[in-house]
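Undergrad: The following comprises the amino acid sequence and a computationally predicted model.
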Amino acid sequence: MAAVLDHLVVDVRDGIAAAAADWVRLGFTLTPLGRHSLGSANHLMVFAEDYLELLGTDVPGGALRPDIAPYPVGLNGLVFKTGDAEALAARLLAAGVPALPATAFHRPLDLPDGSRGEARFRTVRLDRAAAFDGRIYWCEHLTPQHVWRPEWQVHANGAQAVSRVLLAARDPERQAALFRRTFGAAAVETQADGRVLLRAGRPVVEVASHAQVAAELGTAAPDPAGRGDHLALIALRVTDPAQTAALLRANGVAFEMRPEGPLVPARAAWNAALAFGG
C-alpha cells in the first residue's frame, strides 16, 4: 500500500475564529467555516494535491469531539489518502496494524451556483496507543470536487504544496517499524544519523530524535504541551520564498529567514512551526 499524504491537521480547540485570523495573516486562503456531522468545525487551506486543516469547535468553551479532545493546540494529525476506507481497515488489521473501524461523516457547504452541497468522507484511524502522541488516519474523499476547488487554491504567500512533515520522537525506529508494517519496507528509509524518511507521494514524512528537532528548530519549536513524540513542523513549497518573506513582514508576522526561506515559529502559528521554501 503506497503512502500518499492527504492533509495535516492543526488542532485549535475552541479558538477557531482567532486561529483563522492568524492563518489569513500568514498568507493563506481559508475555506469558509465548515461544520462536521461529527460535531467539529474546520477551515481548510487547499493546495493542488494536499491541504492543511484547522480543526476544533466554533463554540467558545464548547466540548470537543472525543477523538480530538485529548490533544493540545498544535499540529496533531497526519492523514494519508485511501480510495476505500472499509477495505483499508481490513488490510491494516490483517497486517497487524491496530486500525479502528471506518467512520463516515459529512459537512454541508455552499456551491458556486448558490445551491447547497455536502462534502462526504470516510476515515480510518489507528488506535491512539499505536504511535506518536497525535492521530494517524486515512481519508477517503467521496466528493473530492467539494474540497479541491480552484478559488481556494491560490494563496497570497505563494504556498503550493506540503513538502515535508517533521515528527519528533524519542525512538525514531519505533515509528519506522509501524510505517514498515503499514506501507511496506521499501517505503521507509533509515539514514545514517538515525532519521527515518517515509515517502508520502511528493512530500516526505521525517521522523527525527527530540535532540535533532531541537537543534534544527531552536526557539521556533512547538511546545510539547504534555506530548511525548509529536509532530513539530510543516514545510511548504512556495513560488518565491523572498515574496513570502515580504508578505509575512508586511503582515507583522515574526519569522527567521533561513537559506531555504522563512521559518515561522510555532508560537506564531498555533503551536505548529512553518517553513516556507522553493
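TA: Structure's in. What do you need? Bear in mind the structure is a predicted one, so any value in this text is a computation, not a measurement.
Undergrad: Show me what the strand or helix carrying residue 10 is packed up against.
TA: Per DSSP states H and E: residue 10 is located in strand 5-13. Packed against strand 5-13 by the contact rule (3 or more C-beta pairs under 8 Å, 6 or more residues apart in numbering; DSSP states H and E) you find helix 16-25, strand 51-56, strand 74-81, strand 135-141, strand 159-169. (C-beta placed from N, C-alpha, C; glycine too.)
Undergrad: among the ones you listed, which is nearest residue 176?
TA: strand 159-169 (9.2 Å; C-beta to C-beta).
Undergrad: For the closest one, which strands pair with it and how are they oriented?
TA: Each strand paired with strand 159-169, and its direction, by DSSP bridges: strand 204-209 (parallel), strand 230-238 (antiparallel).
Undergrad: returning to that earlier point: possible to save the helices and strands packed on strand 5-13 as JSON lines with distance to residue 270 and mean pLDDT?
TA: Below are these laid out as JSON lines (distance: least, C-beta to C-beta, whole Å; pLDDT from 0 to 100):
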{"stretch": "helix 16-25", "distance to residue 270": "5", "mean pLDDT": "98"}
{"stretch": "strand 51-56", "distance to residue 270": "8", "mean pLDDT": "98"}
{"stretch": "strand 74-81", "distance to residue 270": "7", "mean pLDDT": "98"}
{"stretch": "strand 135-141", "distance to residue 270": "16", "mean pLDDT": "98"}
{"stretch": "strand 159-169", "distance to residue 270": "16", "mean pLDDT": "98"}
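Undergrad: looking at the ones you listed, which is closest to residue 110?
TA: Among these, helix 16-25 comes nearest to residue 110, with 16.8 Å by C-beta to C-beta.
Undergrad: Okay, buried residues for that closest one please.
TA: For helix 16-25, burial by neighbour count (16 or more other C-beta atoms under 10 Å) applies to 16, 19, 20, 22, 23, 25.
Undergrad: Nearest spatial neighbour of the first one, chain-adjacent residues omitted?
TA: Counting by C-beta to C-beta, 6 or more residues apart in numbering, the nearest residue to residue 16 once its immediate chain neighbours are dropped is residue 56, at 4.6 Å.
Undergrad: Just want the most central residue of the chain.
TA: Compute the mean C-alpha point of the chain, and by C-alpha atoms, centre = their mean the closest residue is residue 8, 1.1 Å away.
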